[in-house]
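Novice: Need coordinates for the following:
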Amino acid sequence: MELSIYGLGMAVICSSLTILLLYACRKQYGFIQKFGAPLVLAAYLLTIIRLLVPLRFPWQLRIPLPWLLNPFYYFVDRQMFSVGTYIVQGQMVFGVVWIVGSLWFLTRWFLQYRNAKRTLLQRNCRQTEQDIKLLEQIRTGSQRKLRVEVWRNSYISIPMGMGVFRKMILLPEKEYTDEELYYILLHEYTHFRHGDTCTKMLLHIFCCIFWWNPFGKLLERDVDRILEINCDRSVTAKMNKASVTAYLETIIHTIKETDSKKSKVQTTVGTALFHQDANHEILERFQLVVQGQADERNKGHKSRKGLVLLVILLLLSYTVEIQPSFEPPESDLAEGIELTPDNTFLIDNGDGTYDWIFRGEDGDEMLEVLNTLDNLTHKEIIADMKKQGFPIMEVY
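Specialist: The predicted structure follows:
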């Protein structure tokens, strides 16, 4: 078991294909209704885990794809330039660009988050008795008693929740009935109860680290939509039809009252009651709430079976690995030498390089210095010889 660029490449392929597949399935009507938002979120979570744990194992099935991977691996192993006696390879350049890019995106996002939070807290924030009273009513009736503040803010136009350690619900400076305000606060409190603000923050950090993955934004956007669906499901799970209708009417009324000319806080800062210019997603949420969660016990059973299947698929993804394929040196082909564990053994130099000793039929020994080969071929040959059980002698 080891971390390698081979494992990372396979992880990127598996994760990207899964994100595309899930996104395509999400476009099909009834997909969330059939499988449930928690199971889809679990699928995305396992996709992230696959990318974060790009391990490779000796027993994996290697599938050669020289036409696709050889050019890339020749690049990462290529000697780009040297600094004194130090040789800089392509994989080092790739690593530096990755790290610098990650630091850039993380720093930019952190500054945006900090500035947005400061702006929100400094723009005429105030508290009302109505807000505090209804929030305390929600907190008292909840199974999880969270410490959450509620503030009115003139800078925003959409109710939203923000904060991981200091949890806050921010409301626009508008008049709400007690019923409307109750459902808005309940929605945002449920986001905190599910840990959605923390989830969104960690997901955005993940996307900043893997900034070069073109499917990262697709993942972030779809998870954001599913978190809203999951929140709606949780809020309306035990409501009667009249309460569900009132909850949806509150969202509709809030949408109509939204001032599109005001500045908007980025969705990475927190969770909003809805997203502007996302009519399709809002319609989907309404349809799922109206249809309800039919046969919850059966759906829970399906979710458990689906989760087991997802874990199995995750483990199966580690059984296959695509690799480049290199032809053996022409000198070896011409001589026709067959190396076996009976006539050849490896010498481990202790510095990551190996030599081999071949004993011919006439008793003569021939030394082949493997570290004169290119690095990737060297590693592949050594890994293959170890797998076949060639004896190894340590000289350090």
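Novice: ranges for the helices of this protein?
Specialist: Using DSSP state H, the helices of the chain run over 5-26, 31-35, 37-52, 66-76, 90-122, 129-141, 178-194, 196-209, 216-236, 241-256, 279-291, 296-316, 330-335, 375-387.
Novice: So the closest residue to residue 392 other than its chain neighbours versus residue 385, what's the distance?
Specialist: Excluding its sequence neighbours, the residue lying closest to residue 392 (Cβ to Cβ, 6 or more residues apart in numbering) is residue 346, at 4.6 Å. No exception for glycine: its C-beta is placed from N, CA and C like everyone else's. Computed as Cβ to Cβ, to the nearest Å, the residue 346 to residue 385 distance reads 6 Å.
Novice: cool, and residue 283?
Specialist: Computed as Cβ to Cβ, the residue 283 to residue 385 distance reads 60 Å.
Novice: more crowded one of those two?
Specialist: Neighbours were counted for residue 283 and for residue 385 using other Cβ atoms under 10 Å; residue 385 has more, 20 against 10.
Novice: So that one is in contact with residue 347, correct?
Specialist: No - counting by Cβ atoms under 8 Å, residue 385 does not reach residue 347; the two are 11.6 Å apart.
Novice: who touches both of the two?
Specialist: Common neighbours of residue 385 and residue 347 are listed as residue 356 (criterion: Cβ atoms under 8 Å, 6 or more residues apart in numbering).
Novice: ok, how many other residues are close to the residue nearest to residue 392?
Specialist: Residue 346 has 20 nearby residues by other Cβ under 10 Å.
Novice: Likewise for residue 316?
Specialist: By other Cβ under 10 Å, 10 other residues sit near residue 316.
Novice: Could you do residue 6 as well?
Specialist: 23.
Novice: got a pLDDT number for it?
Specialist: Per-residue pLDDT puts residue 6 at 71.
Novice: about what we covered before: which one of the helices of the chain has the lowest average pLDDT?
Specialist: Looking at those, the weakest mean confidence is helix 330-335, a mean of 49.
Novice: number of nearby residues for residue 221?
Specialist: The local packing of residue 221 (other Cβ under 10 Å) involves 15 other residues.
Novice: Distance of it relative to residue 204?
Specialist: From residue 221 to residue 204 the distance is 11 Å (Cβ to Cβ).
Novice: and the helices of the chain, which is most packed in?
Specialist: Looking across the helices of the chain with neighbours counted as mean count of other Cβ atoms under 10 Å, the highest average goes to helix 178-194: a mean of 22.
Novice: so what secondary structure elements neighbour it?
Specialist: Helices and strands touching helix 178-194, by 3 or more Cβ pairs under 8 Å, 6 or more residues apart in numbering; DSSP states H and E, are helix 129-141, strand 148-153, strand 160-162, strand 167-172, helix 216-236, helix 241-256.
Novice: Using CSV, lay out those together with distance to residue 341.
Specialist: Formatted as CSV, these follow (distance: least, Cβ to Cβ, whole Å):
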stretch, distance to residue 341
helix 129-141, 69
strand 148-153, 66
strand 160-162, 63
strand 167-172, 63
helix 216-236, 45
helix 241-256, 70
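Novice: So for residue 27, which of the ones you listed sits nearest?
Specialist: helix 216-236 (10.1 Å; Cβ to Cβ).
Novice: Relative to residue 156, how far out is residue 176?
Specialist: Residue 176 is 14 Å from residue 156, where distance means Cβ to Cβ.
Novice: likewise residue 19?
Specialist: As for residue 19, its distance to residue 156 is 31 Å (criterion: Cβ to Cβ).
Novice: Tell me how many other residues crowd residue 359.
Specialist: By other Cβ under 10 Å, 13 other residues sit near residue 359.
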